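J.: have a look; sequence and predicted model below, questions after that.
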Amino acid sequence: MITTVWNRVRRFGRAEDGAAVVEFAITFPAMLMLLLSSVELGMVSLQHAMLERAMDQTVRDIRLSTGAAPQHDEIKDLLCERAGFIDSCRENMLLEMVQVNPREWGEGISDTPTCTDKSEEVAPKVHFKNDALENDLMILRACAKIDPIFPTTGLGKNIKKDGAGQFSLVAISAFVQEPR
């Protein structure tokens, strides 16, 4: 009886049936996480590129339309219309525009962008100065909040998020207020 059991155990140990299943079980979760992170990174890159492009086009319009001082809501509408891939853009984007002294760059705008956060109470608009004089240096910064596609896996899990589970995309541009 013991010999029969021992023979079966030896035969089971030498069998190679199912070896591929073990390799698959070990590598599949890692490959799946890599795939999902790649999709997430691709979407983040696309959204950020579109936000940067919208910012460049909008600032170009502001620079070229001498004499006009576009208001906060007009600029936000242009950015959202041109960004394309940002869901609920009007609600999830916050704009800052400040005048900066070109000789003292550190003053005027903070190092960390101010963004919206759905988990907090609604805050009023931040600095938005659009009454600059001729030849004043202006900084326009847009911060858009984005929901991750896969919030519990790979990159979507490890990216820095706010209380509502969104992460920030920031675009910044500088321009000189043209003479009127």
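T.: Yes, it's here.
J.: start and end of stretch 80-94, how far apart?
T.: Counting by Cα to Cα, to the nearest Å, you get 11 Å between the two ends of stretch 80-94.
J.: average model confidence for that stretch?
T.: When pLDDT is averaged over stretch 80-94, the result is 87.
J.: what's the answer for stretch 36-54, then?
T.: 93.
J.: mind listing what's buried in it?
T.: By neighbour count on 16 or more other Cβ atoms under 10 Å, the buried set for stretch 36-54 is L36, S37, E40, M43, V44, Q47, H48, M50, L51, E52, A54. (Each C-beta comes from the backbone N, C-alpha and C, glycine too.)
J.: then stretch 151-160?
T.: Result for stretch 151-160 [16+ other Cβ under 10 Å]: buried residues T153, G154, L155, G156, I159.
J.: most widely separated two among those residues?
T.: T153 and I159 (11.3 Å; Cβ to Cβ).
J.: does C143 touch L94 like I think?
T.: Yes: the criterion here is Cβ atoms under 8 Å, and C143 meets it with L94 at 5.1 Å.
J.: any shared contact partners between those two?
T.: P113, T114, C115, T116 (Cβ atoms under 8 Å, 6 or more residues apart in numbering).
J.: in a markdown table: those, plus secondary structure and pLDDT.
T.: As requested, the shared contacts of C143 and L94 are arranged in a markdown table below (DSSP: H, G, I helix; E, B strand; the rest coil; pLDDT from 0 to 100):
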| residue | secondary structure | pLDDT |
| --- | --- | --- |
| P113 | coil | 77 |
| T114 | coil | 75 |
| C115 | coil | 78 |
| T116 | coil | 70 |
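J.: which of those lies closest to T58?
T.: Among the shared contacts of C143 and L94, and counting by Cβ to Cβ, the member closest to T58 is P113, at 16.8 Å.
J.: correct me if wrong: that closest one contacts M93.
T.: No: applying Cβ under 8 Å as the test, P113 and M93 come out as separate, 11.1 Å apart.
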